[in-house]
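Novice: just a sequence and a predicted model for now, questions to come.
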Amino acid sequence: MESILQVKNLNISFNTYAGEVKAIRGVNFDLKKGETLAIVGESGSGKSVTTKSIMQLLPKSNSEIKQGSEILFDGKNLVELSDKEMEKVRGKDISMIFQDPMTSLNPTMKIGKQIAEPLIKHQSFSRKQAMDRALELLKLVGLPQPETRIHQYPHQFSGGQRQRIVIAVALACNPKVLIADEPTTALDVTIQAQILDLMKNLQKKIDTSIIFITHDLGVVANVADRVAVMYGGKIVEVGTVDEIFYNPQHPYTWGLISSMPSIDADDDELFVIPGSPPDLLNPPKGDAFALRNRYAMTIDLEEEPPMFKVSDTHYAATWLLHPDAPEVEPPLAVQKRQHKFRGNNHTEGDVF
Amino acid sequence: MGKYLLQRILFMLLTLFIIISITFFLMKLIPGSPFAAAAKLSESQRAIMEAKYGLDQPLPIQYFRYMANVIQGDLGISFQFSNTPVTDLISGRIGPSAMLGLQAMIFGTIFGIFLGVIGALKQNTWIDSGSTLIAVLGKSIPSFVFAALLQYFIAVKLGWLPVAFWRGWEYSILPTIALSIFPISIAARFMRTEMIEVLSSDYIVLARAKGASSFEVAFKHALRNALIPVVTVLGPLAVSLMTGSLVVEKIFAIPGLGEQFVTSINVLDYPVIMGTTILFAALFIFIVLVVDVLYSIIDPRIRLSGGEN
Amino acid sequence: MVNNSNKKFPKEMFQKAQYDESLAEKIEKPSLSFWQDAWLRVRKNKAAIVSLVILTLLFIMALIGPYLSGHPTGQNVAHSNLPPKIEAISDVSWLPFDGTLTNRNGVTLTPYEDRQIEESYWFGTDSLGRDLFTRLWEGVRISLLIAFLATAIDMVIGVSYGAISGYFGGRVDNIMQRIIEILSGIPNLVIVILLILVLEPGILSITLALAITGWVTMARVVRGQVLKLKNQEFALASKTLGARDFRIIYKHLLPNLVGVIIINTMFTIPNAIFFEAFLSFIGLGLQPPDASLGTLIEDGFKVILLYPYMLLVPAVVISLLMITFNLLADGLRDAFDPKMRD
Ligand SMILES: Nc1ncnc2c1ncn2[C@@H]1O[C@H](COP(=O)(O)OP(=O)(O)O)[C@@H](O)[C@H]1O
Ligand SMILES: [Mg+2]
C-alpha cells in the first residue's frame, strides 16, 4: 500500500539546563494511505515529541532536529521546509488533536471563529462560508445545539464537548493526515468511550490517515490497523494489531500486554512493569530496556539491538530474536495470546 | 454581578471607615501639640487656638465630630494656612497631581506592555535583554534617585527641559518620565512573563497547528490573553504613582498633592495630613474595585461565571 | 532500518544477565536534592551570581568601610565641601576623582589647591567637612540594618500568621483572611507615614513601621504553601499512618516552604531599603548626625546644583544595592519556583 508519510532516522534533542536530552533516538515508521497507526508507549517515551516534530511544532528555542532526520510528506521533507511553507501544510494537509481539551482552545475566542480560522486561511472561504462549514463540522462531531453554541466561549463547554470541538477544528480542511495525541487521556472513562466511538465513526466517513497516540494499549485494538510500540525515544516493535496483540516479540510489549486488564485472564493481579523510563540525558549503552527486563542477556547491556524481521509487516528490536539467543518463555498472559494466534483464525477487532 | 458589586462596595466603605478611624486615633497619639513648635505662642494663646480647632474636647467627641464632618465632605481646616479648609487646599492641588499621574500611568503601561511583548516575542535576543534591563533598572532605582538624576543631567546639565515648576506642558515631561519608570518596568516584566506563558500554552500550539502565522499567533491569539491579567497590576501601579508623586513633586517643585503632603508632614499640619491620607486611601480602594470590575468585563470566563452565579 | 544482522557475537553474550528488580528502580535520573537542584539553577543565572558577588562586597564594605579612609569621623569645617579625590586615578580625566569641581558657570574650581589641603577625600566631604566615604558606608550599614531587622520581623509575623491560618483552616483561617483583606486595603504608604509620625523617626520606629506593613505578603504565600502541602499525599499519608516522619517533613515540607520564604524575603529586603530612603527623603528619616543612605541622598539633593557628587555617590550605591538584590531575588525565584521547571 502507498505511504503518505514517512519518518526516517528521526533524531531529536532538547537542550536543558542539565544537559542534552536525547528524546528521540532514531525513529523510523511510515503511515499508509487510509490506515490508522497507533503509537503506544509509556509517558515520556517520546510520542508527543515525534508527532510535534511532524508538525514542526517543537519549541525552536531549545529543541534540535538532528541532521539526517527525514519526515517525508507529499514529496517534501518537512524538516527542511521554511516557516511559511510549513504554515501551508499545518491545519490543511496535516492537523492535530491534543491531549487536554481543557487547555487546547483559546479561552477568549468564540469556538465558531476558532473552527473557521483555518478555513479562511487555507481555503479562502469568506467569513460566512467558513461559519456555515463550522456549523456543519459541529454537527458532524455531534455537538448538541450547534446553532447557538457556535457563538459561545470554550469555558462554557464540558471536557468531552471541547474535545469534539478540537476534533472539528482538526477536520476543518479535510486533512490528509490527522494526528491525535492521546485524545482521550484527559477525559473520564465514559466520555473516553464516546470520543473513541466518534473517532471510529469519523474514520469511516472521512478519507484520512490517522496517527493515534496513546499510552493505553487497551484502546488501540479498537481503532488501529497497525501498532508501533515506543520506548525510550525509539520504536521497539511495529506490526499489525493482530501481530502486536497475539504475537508480540519485544519484552517491553510483553510487559504492556501483561499489564493490560483482560476479560478472559483469570489471574487477578495486574502486572506492572518495574522501574522507570531510561534517563534520556545519558541513554544507557545497550538496550534501553535492559535494566527493567527480566529476560535481559549480557548483550543487552552492551549492544543496541537492531530491528529483527518477524514477518513482512512485523519487526521488533530485541536480541531475543537473534539466532543465537536462547528460547525464553514469555509471561503467561502473552503465552495465552500467542496460543490463540497460532490456533484459531481470528477476526479483526476481536482481540479481547 | 450586581450583588457582587454591592458586596464589594460595602466592604470598601467598611475599609475606608477603618482607615479613617485608624488615621484619626494615630494622629491623636502624636506627641506634642501642633502649635507647640509651629509658632511661638504663649500658653494662653495656644489654649485659644486649641479651642478654636476643637482640640480641647474629649477624644470621643472629637472623633464623632470628625467622622460626621468627613461624611459631609468636610476635612477640617488647615493649621498651616489658617482659615483654609483642607478640601479647598486639596482641590486646588489635585490638578497637577492628577495630570502627572494619568500621564505616567498611560505612558508607563503602554510603553511597558510594548517592551514586554517585544521581549517575549524576541525571547533571548539582545532586544529581550534590553527590555529586561530597562525593567530591572526601573524596578530597582528609587523614583526619587531617578528623578533627581534626570533633573540634574537632562535639565541642569543639558538644558533640554525645564528644571522645575509648573508653567506649561513641557514642565510635566521630566516628572512624568520619572514617575512612569516604575509602571514601565512592572508592566514590562509582567507582560513578558504572561506573554511567554501564553505563547507556550496548548491553545497557542493548536493555533500554530492550524497553520496560523507567527504574526497571527502573536497578535490574534496570544496578545489578548496575555493582556487581560495585566489589568491586575494597574492597582499596585496606581499606588506606586501616589508614593512616587510625593518625592517627584518635591524634586520638581510641582504644586500638587504630594508636595503639599510632604510639607504638611514636616510642619505637622494634621488636618491636611489626615485629609490627604483619607483621599489616598479612598483612591486606592476605588482603583482596586475598578480593576476587579474591569477584569471581569474583559475576561469572558469571569464575565459569564459572574453573571450566572 | 531492518538489520537481520550477520555480525557475529560471542555465544556467551546471549547468556541471561543478572536481573535485579532493585536495579531497575535505580535507573531513575540521578535525583538531585531540592537544594542541589536549586543551586544548580541559581549558578546558571549569571546576573544572580554577579549580584551575589557585588552584594557580598557591599556587605563587607558596610562592615569595614567606615574604618578604611583614615579620616576622623567628626566634623572639620576647614575641610567642608571638598569634591572627591583619589590620588591614584586623579589623572584619568573621564573619572570624577580629580578633586576639581565645575560650578554652574562652567568655571573649574580647585578647592584642594585653593585651601592647601594635603589629604585627599575619596568621595569628598560634606558641608560640615565630614568624610563622605566614611559616612557612606556608615549609612549603608544603617540602611541594611533597618532592612534586615524589618525583614526578620516580617518573616516571624508573616510565617506564623500564614502557617496558623493555613494549618488550622476553617473558621480561624476565614477570620484571619478577612483581617488580611482589610489590612491590604490600606495603602502601606499611609500606615508607614502615620506610624512614624506617632513614634518619631528613628531606627526602631522606621524598622517597626516597615515590618508592620510588610508581613502581609509573607503571610499570604506561606498560607498558600501550607494549604497546598497539607493536602498533598505525603502529608496525608504520614497522618493516616500516625507516623511522625521527620524525614518527610524535612525532605518535602520544609524545602517547599523555605523556598517561598526565601524568595519573599529577598524581595522584602530591597523594598525596605527603598522605603527607608523614601521616608528620609520626605523628611521622616533618621535625625542627624545619624546617616542612612536615605538621609545622605536627601542631604545631597539639597545641594545638587553646587555639589552634585554629594548626591551621586549615595545614589549610585543605593541603586546598586537595589539592582543586585532584585536580580538575586529574581534568580532565586526562578530557581525555586517549580512552575518554571522544564
Ligand atoms: N520542551 C522540552 N524540553 C526538554 N525536554 C523535553 C521537552 N519536551 C519533551 N521533552 C522530553 O522528551 C521526552 C519525551 O517526551 P514526550 O514526547 O512528551 O513523551 P510522551 O511519550 O509522554 O508524549 C521526555 O523525556 C521529556 O522530558
Ligand atoms: Mg505526550
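Specialist: Structure's in. What do you need? Ligands and ions are numbered 1, 2, ... in the order given.

Novice: below-threshold pLDDT in the chain: ranges please.
Specialist: All of this is about chain A. By pLDDT under 70, the weakly predicted segments of chain A are A:262-270, A:341-352.

Novice: the intended chain is chain C.
Specialist: C:1-7, C:19-32, C:88, C:90-95, C:104, C:112, C:232-253, C:337-342.

Novice: could you point out the helix or strand that follows the longest helix along it?
Specialist: Criterion DSSP state H: the longest helix present in chain C is helix C:132-168. The helix or strand immediately downstream of helix C:132-168 is helix C:170-185, counting by DSSP states H and E.

Novice: ok, residues contacting the next helix or strand after that next one?
Specialist: Next along the chain after helix C:170-185, taking DSSP H and E as the criterion, comes helix C:188-199. By CB atoms under 8 Å, 6 or more residues apart in numbering or on different chains, the list of residues contacting helix C:188-199 from outside reads B:19, B:22-23, B:26-27, B:29-31, B:239, B:242-243, B:246, B:265, B:268, B:273, B:277, B:280-281, C:205-206, C:208-210, C:212-214, C:275, C:279, C:282, C:284. Bear in mind the C-beta positions are built from the backbone N, C-alpha and C, glycine included.

Novice: the longest helix of chain C packs against which elements?
Specialist: Helices and strands touching helix C:132-168, by 3 or more CB pairs under 8 Å, 6 or more residues apart in numbering or on different chains; DSSP states H and E, are helix C:46-64, helix C:170-185, helix C:203-230, helix C:254-281, helix C:293-302, helix C:308-336.

Novice: looks like residue B:195 contacts residue B:118 (just checking).
Specialist: No: contact criterion CB atoms under 8 Å: residue B:195 and residue B:118 do not qualify, at 9.4 Å.

Novice: looking at those two, which is more packed in?
Specialist: residue B:195 (25 against 19; other CB atoms under 10 Å in any protein chain shown).

Novice: what's near enough to touch that one?
Specialist: B:116-117, B:119-121, B:222-223, B:226.

Novice: ok, those vs ligand 1, which is closest?
Specialist: Of all those, residue B:120 has the smallest distance to ligand 1: 16.9 Å, by CB to the nearest ligand atom.

Novice: residues in contact with that closest one?
Specialist: B:128, B:191-192, B:195-196, B:199, B:226.

Novice: list the contacts of stretch A:7-26.
Specialist: A:27-30, A:46, A:49-50, A:53-54, A:58, A:62-66, A:68-72, A:232-234, A:280-281, A:283, C:1, C:40-41, C:44, C:342.

Novice: of these, which belong to helices?
Specialist: In this view, those that belong to helices under DSSP H are A:49-50, A:53-54, C:40-41, C:44.

Novice: tell me the contacts of the residue in the stretch 51-200 of chain B that chain C sits nearest to?
Specialist: Proximity of the stretch 51-200 of chain B to chain C (CB to the nearest CB) peaks at residue B:140, 3.9 Å away. The contact partners of residue B:140, by CB under 8 Å, 6+ apart, come to C:270, C:319, C:322-323, C:325-326.

Novice: can you name the residues of the stretch 1-150 of chain C that neighbour ligand 1?
Specialist: Within the stretch 1-150 of chain C, no position is near ligand 1 by CB under 6 Å from any ligand atom.

Novice: can you classify the closest residue to residue C:279 other than its chain neighbours as helix, strand or coil?
Specialist: Take residue C:279 and drop its neighbours on the chain: the residue closest to it by CB to CB, 6 or more residues apart in numbering or on different chains is residue C:285, 5.2 Å away. Judged by DSSP: H, G, I helix; E, B strand; the rest coil, the three-state class of residue C:285 is coil.

Novice: doesn't residue C:295 make contact with residue C:285?
Specialist: Yes: under the criterion of CB under 8 Å, residue C:285 makes contact with residue C:295 at 5.0 Å.

Novice: the residue nearest to residue C:74 when sequence neighbours are not counted: what's it in contact with?
Specialist: Leaving aside its sequence neighbours, residue C:74 sits nearest to residue C:130 (CB to CB, 6+ apart; 7.2 Å). For residue C:130, the contacting residues are C:73-76, by CB under 8 Å, 6+ apart.

Novice: returning to what we had before: which ones, among the contacts of helix C:188-199, also lie beside ligand 1?
Specialist: Okay, of the contacts of helix C:188-199, nothing touches ligand 1 (CB under 6 Å from any ligand atom).

Novice: the residues you listed, buried ones only, as a ChimeraX selection?
Specialist: To isolate the buried ones among these in ChimeraX, judged by 16 or more other CB atoms under 10 Å in any protein chain shown, type:
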select /B:19,22,23,26,27,30,239,242,243,246,265,268,273,277,280,281 /C:205,206,208,209,210,212,213,214,275,279,282,284
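
Novice: can you narrow the contacts of stretch A:7-26 to ones near chain B?
Specialist: With the criterion set as CB under 8 Å from any CB of the partner chain, no member of the contacts of stretch A:7-26 is near chain B.

Novice: give me the neighbour count for residue A:329.
Specialist: So residue A:329, with other CB under 10 Å, has 8 neighbours.

Novice: pick out the residue in chain B sitting closest to ligand 1.
Specialist: Closest point on chain B to ligand 1, by CB to the nearest ligand atom, is residue B:200, at 8.8 Å.

Novice: how close does that residue sit to residue C:335?
Specialist: Plainly put, residue B:200 is 19 Å away from residue C:335 if you go by CB to CB, to the nearest Å.

Novice: what number of residues lie near residue C:269?
Specialist: 23.

Novice: hang on, isn't it packed against residue C:145?
Specialist: No: with contacts counted by CB under 8 Å, residue C:269 stays clear of residue C:145, the gap being 11.5 Å.

Novice: send the alpha carbons of stretch B:227-240 over as CSV?
Specialist: Provided in CSV are the C-alpha atoms of stretch B:227-240 (Å, rounded to 0.1, in the frame of the first residue of the first chain):
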residue,chain,number,x,y,z
LEU,B,227,-3.2,41.5,28.2
ILE,B,228,-6.1,40.5,30.4
PRO,B,229,-4.2,39.7,33.5
VAL,B,230,-2.1,42.9,33.1
VAL,B,231,-5.2,44.7,34.4
THR,B,232,-4.4,43.3,37.8
VAL,B,233,-1.2,45.2,38.1
LEU,B,234,-2.9,48.5,37.4
GLY,B,235,-4.0,48.8,41.0
PRO,B,236,-0.5,48.4,42.5
LEU,B,237,0.8,50.7,39.8
ALA,B,238,-1.6,53.5,40.7
VAL,B,239,-0.4,53.1,44.3
SER,B,240,3.2,53.4,43.3
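
Novice: show residues contacting it.
Specialist: For stretch B:227-240, using CB under 8 Å, 6+ apart, the contacting residues are A:108, B:101, B:105, B:108-109, B:113, B:182-183, B:186-187, B:190-191, B:194, B:283-284, B:287-288, B:291, B:294-295, B:298-299, C:187, C:189.

Novice: please repeat the previous calculation with a cut-off of 6 Å.
Specialist: With contacts defined as CB atoms under 6 Å, 6 or more residues apart in numbering or on different chains, stretch B:227-240 is touched by B:182-183, B:186, B:190-191, B:194, B:284, B:287-288, B:291, B:294-295, B:298-299, C:187.

Novice: just the ones in helices from these, please.
Specialist: B:182-183, B:186, B:190-191, B:194, B:284, B:287-288, B:291, B:294-295, B:298.

Novice: and which of those residues is nearest to residue A:331?
Specialist: Of all those, residue A:331 sits closest to residue B:194, with 50.3 Å by CB to CB.

Novice: please report how far that closest one lies from residue A:107.
Specialist: Distance from residue B:194 to residue A:107, by CB to CB: 13 Å.

Novice: out of these two, which sits in the more crowded spot?
Specialist: residue B:194 (23 against 18).

Novice: pull the CA atoms of stretch B:199-214 into CSV?
Specialist: The C-alpha trace of stretch B:199-214 is given here as CSV (Å, rounded to 0.1, in the frame of the first residue of the first chain):
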residue,chain,number,x,y,z
LEU,B,199,2.8,31.5,23.9
SER,B,200,3.8,28.2,25.3
SER,B,201,0.2,27.2,26.2
ASP,B,202,-1.6,24.4,24.4
TYR,B,203,-4.1,26.7,22.6
ILE,B,204,-1.2,28.6,21.0
VAL,B,205,0.3,25.3,19.8
LEU,B,206,-3.1,24.4,18.4
ALA,B,207,-3.3,27.8,16.7
ARG,B,208,0.0,27.1,15.1
ALA,B,209,-1.1,23.6,14.3
LYS,B,210,-4.0,25.2,12.4
GLY,B,211,-1.5,27.0,10.2
ALA,B,212,-1.6,30.4,11.8
SER,B,213,1.5,32.5,11.0
SER,B,214,3.7,33.7,13.9
